[in-house]
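Engineer: Give me the fold of what follows.
(one chain, ligands or ions: 1)
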Amino acid sequence: MQLGDLLEKGLSWLHYVWDSKTKYKIHSPFVFNFDTKVLENDFIYPEYKSIEKFRKGLAKNQTVLNVTDLGAGSKSLESSKRTVAEILETSTKKPKYSQLQFRIVRYFQSKKILELGTSLGITTAYLSKASNEGQIYTIEGCPEIAAKAKQHFEQLELHNIIQKNGNFDDILGEVLNEMGSVDMVFFDGNHKHIPTVNYFEQVLPYCHNDTVLIFDDIYWSEEMEEAWAFIKNHERITLTIDIFEMGLAFLRKESLAKEHFRVWY
Ligand SMILES: C[S@@+](CC[C@H](N)C(=O)[O-])C[C@H]1O[C@@H](n2cnc3c(N)ncnc32)[C@H](O)[C@@H]1O
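Structural biologist: Okay, the predicted model is just below:
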């Protein structure tokens, strides 16, 4: 990560620590319930165990992959050859956040789920286990990483994942057409301003009142902060929840006035 971005992120973190609220100061019943039942839910679901055991195995995996970087991917590793263990360390969400997504899917009972950026498939596995009757579409542009993720889904015996391989820019439209509508979307690839906004706008016509949009790394760079500001201000977004590492955007008509919450997580 460049020094400028690191300092910027540190500053944003301090703002977040200062600004973010705990449930005692949240006046919206929707956000209060979300905080209590999802963010603060520290129950260890049995589904977590097999995925975390699998992650531990990947942390020792020295298989070298040829990485095709299609987005503002890794700021720390420039080489196009990386081991599985390195990809796991730099690109995969930590358990705290993948498990949060598991609980989000369970809470909103999301069934049509789309992930932009599969990587090794760890979060995809959580999404899959959270919704047995759901369909998890996941897009990955690097062929060798996508092939590895495919193996992982087979090893974990996950059967509700539909893998799409290609650049989001080229295939997002056709994937959305195939899905028809989306209940939850996790934007976790190509952390640049304009592409993030474009993907968001492409997804919007497929959203409904209860769709949850999750944007990863909203303070990763100035560009991502700009993208998040655009999303917050968009006319179809009525409520946002900022937990620093991720931003959640909702289109609920029940929220009469636009509201933005920063919630401690
Ligand atoms: C941060 S990783 C995804 C991590 C994963 N969601 C998880 O939680 O474990 C981002 C992935 O998106 C892929 N990616 C980035 N830009 C892309 C693009 N324009 N089209 C397709 N894939 C892309 C990268 O190859 C990388 O594997």
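
Engineer: Residue numbers of the stretch 151-265 of the chain in contact with the ligand?
Structural biologist: By C-beta under 6 Å from any ligand atom, the part of the stretch 151-265 of the chain that sits against the ligand consists of 167-169, 188-190. Bear in mind the C-beta positions are built from the backbone N, C-alpha and C, glycine included.

Engineer: Are any of these buried, and if so which?
Structural biologist: Using 16 or more other C-beta atoms under 10 Å as the burial test, those include 167-168, 188-190 as buried.

Engineer: so the spatially most central residue of the chain, which of the three states?
Structural biologist: The residue lying closest to the centre of the chain (C-alpha atoms, centre = their mean) is Phe186, at 3.8 Å. Assigned with DSSP: H, G, I helix; E, B strand; the rest coil, Phe186 falls in the strand class.

Engineer: OK, contacts around it?
Structural biologist: By C-beta atoms under 8 Å, 6 or more residues apart in numbering, the contact set of Phe186 is 101, 113-117, 123, 127, 214, 216.

Engineer: Around Asn132, count how many other residues there are.
Structural biologist: 10 (other C-beta atoms under 10 Å).

Engineer: same deal with the one 5 residues further on?
Structural biologist: A count of nearby residues for Tyr137, using other C-beta under 10 Å, gives 22.

Engineer: what's it in contact with, if anything?
Structural biologist: 112-115, 162, 164, 175, 178-179.

Engineer: and the gap between the residue nearest to the centre of the chain and Phe102?
Structural biologist: For Phe186, the distance to Phe102 equals 12 Å [C-beta to C-beta, to the nearest Å].

Engineer: now Val17: how far from the ligand?
Structural biologist: Val17 is 24 Å from the ligand, where distance means C-beta to the nearest ligand atom, to the nearest Å.
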